[in-house]
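Asker: The following comprises the amino acid sequence and a computationally predicted model.
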Amino acid sequence: MTATLIENVRALRPGEGPVGLSVLIRDGRIAAIDPPGAPAGAERVDGGGHLLTPGLIDVHIHGIGGHCFESGPRALLDGLALLPRWGVTCVLPTLYRCMDGEDRLADLADLAAALGESAGAVAAGLHLEGPFLALPGAGAAVRAGDRRWLDRLLDAAGGRVSAMSISPDTPGILPVIERLVAAGVRPVITHTRATAEQTDAAIAAGACHATHFYDVFAPPPEGDAGVRPAGAVEAILADPSVSVDFIADGVHVHPAAIRAALAAKGPRGVLLISDANVGAGLPAGIHATPWGFDVRTAPATAARIHRPGAADHGMLAGSCLTMNQAVANVMRWVDLPAHEVWAMASRYVADRFGLTSKGDLRCGADADLVLWDTSGDAPAALSTWIGGVRVHRTAAPLETTP
Ligand SMILES: [Zn+2]
């Protein structure tokens, strides 16, 4: 039995602001908050008065640090191993092209089988971004709803699909949504030009969340000149049962849209994602992807399709955002207590995606914890624990006594 006592840290509690406390970890879980002392033999970590939060949870991420998850199991595992550097402890690896084509079923099965082998961030299941989408964005699969193909995808993934992105305006999508709900997979709205009526029908069938809201959410065609049409955005904002997430990089969505969603839903219904891909966490550069194009990237902002000599600045193709930067950005853009913004990247994500043991600083929760240096522009992860094991620490280690 291993135990660790993390002492001298600050935590954010609703209505209290930062409070000093200590946290005892045992057997992978939080065993006590403010225990009277350390059990015999426990490792003791002096947190130096820094902020301790639950680990960040990202339900829409394609890759990180030069690794694109759908390139194969090795890239998936190498990427997952890096994520604790940015305080991310749980993800839904998100696949883009892997689901469209007979020859891809084996790739999907290989990736699903590798999820349990992560030595870094926990991969709680796959998020399939497609293939039943209405708008391709930067090359996503676009095809009509097909329950037989859906069943083959779910079978190939061996029950490891947690979420699937769909579009309300995809022909034949309602039976797909119903099948996803029956299989325990969250139907997530995106890549759409749907009308409000189409969106309401998708929600009635079981769609419960919208991902990278505002990005690839084109308005439906204008009817009467000058009359702004209501579409998926308005239908989703109007329905309190549906949550949304944003790529908070300042490029994919204007901060005003985040504030509007918060006004409509409150922070429990507004989550943060990265939609990061291969170039996230790296210096500016050009990176190959398995999607048939290269991307041009710069830290903390968007990735764009790179075509040498092209006159335009390139279509958006995911982001270079890391979740710690997303938290910092939203902290600047909205008028909310800090604990609410952190929860939009942890606790509220766990609540919405059924990750019941994660995202919380309470007894019994998984000991997925991050100690942060909050002195810079964005919080920096000093130490990250996953299941009670410290999987990341900065070069200058915190004081530890045996
Ligand atoms: Zn994506």
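Answerer: Received, thanks.

Asker: Quick check: which ranges of the stretch 1-150 of the chain have low pLDDT?
Answerer: 1, 98 (pLDDT under 70).

Asker: just the strands in it please.
Answerer: All strands of the stretch 1-150 of the chain, identified by DSSP state E, counting those that start in this stretch, fall at 3-13, 17-26, 29-33, 43-46, 51-54, 56-61, 63-64, 67-68, 88-95, 122-123, 126-129.

Asker: Report the buried residues of the first one.
Answerer: By neighbour count with 16 or more other CB atoms under 10 Å, strand 3-13 contains the buried residues 3-12. Yep, even glycine has a C-beta here, placed from its N, CA and C like the rest.

Asker: ok, residue 211 to residue 186 distance?
Answerer: Residue 211 sits 10 Å away from residue 186, going by CB to CB, to the nearest Å.

Asker: before we move on, the earlier item: could you redo the buried residues of strand 3-13 as CSV and give each row distance to residue 326?
Answerer: Written out in CSV, the entries for the buried residues of strand 3-13 read as follows (distance: CB to CB, whole Å):
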residue, distance to residue 326
3, 33
4, 28
5, 30
6, 24
7, 29
8, 27
9, 22
10, 21
11, 20
12, 17
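
Asker: Enumerate every residue touching the residue in the stretch 251-400 of the chain that the ion sits nearest to.
Answerer: Closest to the ion within the stretch 251-400 of the chain is residue 275: 4.6 Å, counting by CB to the ion. Residues in contact with residue 275, defined by CB atoms under 8 Å, 6 or more residues apart in numbering, are 60-62, 94, 212, 215, 247, 252, 318-319, 321.

Asker: let's go with 7 Å and repeat that
Answerer: By CB atoms under 7 Å, 6 or more residues apart in numbering, the contact list for residue 275 reads 60-61, 212, 247, 318-319.

Asker: Next, give me the two most distant ones among the residues you listed.
Answerer: Across the contacts of residue 275, the longest distance by CB to CB is 11.3 Å; it joins 61 and 212.

Asker: In terms of neighbours, single out the busier of those two.
Answerer: Higher neighbour count among residue 61 and residue 212: residue 61, with 28 against 25, using other CB atoms under 10 Å.

Asker: Which elements pack onto the one helix or strand residue 272 maps to?
Answerer: Using DSSP states H and E, residue 272 falls within strand 270-273. Applying 3 or more CB pairs under 7 Å, 6 or more residues apart in numbering; DSSP states H and E, one finds that strand 270-273 makes contact with strand 56-61, strand 243-247, helix 255-265, helix 323-333, helix 347-352.

Asker: if we can go back for a sec, can you narrow the buried residues of strand 3-13 to ones near the ion?
Answerer: Contacts with the ion within the buried residues of strand 3-13, counted by CB under 5 Å from the ion: none were found.
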